[in-house]
Every structure is written in structure tokens, then in C-alpha cells.
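> Just a sequence and a predicted model for now, questions to come.
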Amino acid sequence: MATIVVSGSTSMARAAEIQQPVVSRISPNYPAVARRMRVEGPVVVELTAMPDGSVKNVHAVSGHPLLMQAAEDCVSHWRFLPMAKAEHGTVSVIFSLSE
């Protein structure tokens, strides 16, 4: 299981956290190898939220390498509340085995 947190660690990423609410999100698939190795922690993902709420230009900028692709894959399917213009920023996906 992975916990999803829509906020960013701006000290670790190049962009500020996205302020727009997420209206549709999927949870990441916890990679089997990461689960076996008990790898946990946050992955900061940089993205562009488009005016229609869709997500483009997804790129993990920090976190454990075994978790980065899973975080990118799930965030690319999120939808944000529609907005007046595109917003570039970060979100965090926190992987935790304790939940």
C-alpha cells in the first residue's frame, strides 16, 4: 500500500507544490522488489497540471529509485480541479508498508 500526499518538498524539488485540489487519483502499485526489500519513503514528482485538470510532463525528482517509476505512473493518471491556466509544480507519493 502507498499513502498519497498532495504536497511537495520544495527543498528537494525544483518547483513549488501544486495547490490545486486533486479530484481523481489512483494509488501506485508497490513494486514487488521494493516490497521484498522493505523500501519505503516519499517520492517527489514534478508535473504540469493542465487547465482541464489532466496531468502532463511527469518526472520523479527525488526518492528511492525502486519507487520512482511507480510514482510517475500513478500521478500521470491523476486529475486536478480545472483551472484558468496550467500549473507546474510537485506532489509527493509516500510509500509505506505499515498500512
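Looks like it came in fine.
> Check whether the closest residue to His77 other than its chain neighbours sits in a helix, strand or coil.
Distance criterion Cβ to Cβ, 6 or more residues apart in numbering; nearest residue to His77, sequence neighbours excluded, is Ile26 at 5.1 Å. Where you see a C-beta, it was placed from the backbone N, CA and C, and this is true even at glycine. Ile26 falls in the coil class when you classify it by DSSP: H, G, I helix; E, B strand; the rest coil.
> And Ile26, its phi and psi?
Backbone geometry at Ile26, expressed as degrees, to the nearest 10, gives phi -120, psi 150.
> tally of neighbours for it?
For Ile26, the count of nearby residues is 12 (other Cβ atoms under 10 Å).
> Dump the C-alpha coordinates for the helix or strand Pro42 falls within into PDB.
In this assignment (DSSP states H and E), Pro42 forms part of strand 41-49. Provided in PDB are the C-alpha atoms of strand 41-49 (Å, rounded to 0.1, in the frame of the first residue of the first chain):
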ATOM      1  CA  GLY A  41       9.600   6.700   1.800                       C
ATOM      2  CA  PRO A  42       8.400   9.600  -0.300                       C
ATOM      3  CA  VAL A  43       8.900  10.200  -4.000                       C
ATOM      4  CA  VAL A  44       8.600  13.800  -5.100                       C
ATOM      5  CA  VAL A  45       7.100  14.000  -8.600                       C
ATOM      6  CA  GLU A  46       7.300  17.200 -10.800                       C
ATOM      7  CA  LEU A  47       4.400  17.700 -13.200                       C
ATOM      8  CA  THR A  48       2.300  20.100 -15.100                       C
ATOM      9  CA  ALA A  49      -1.400  20.300 -14.300                       C
END
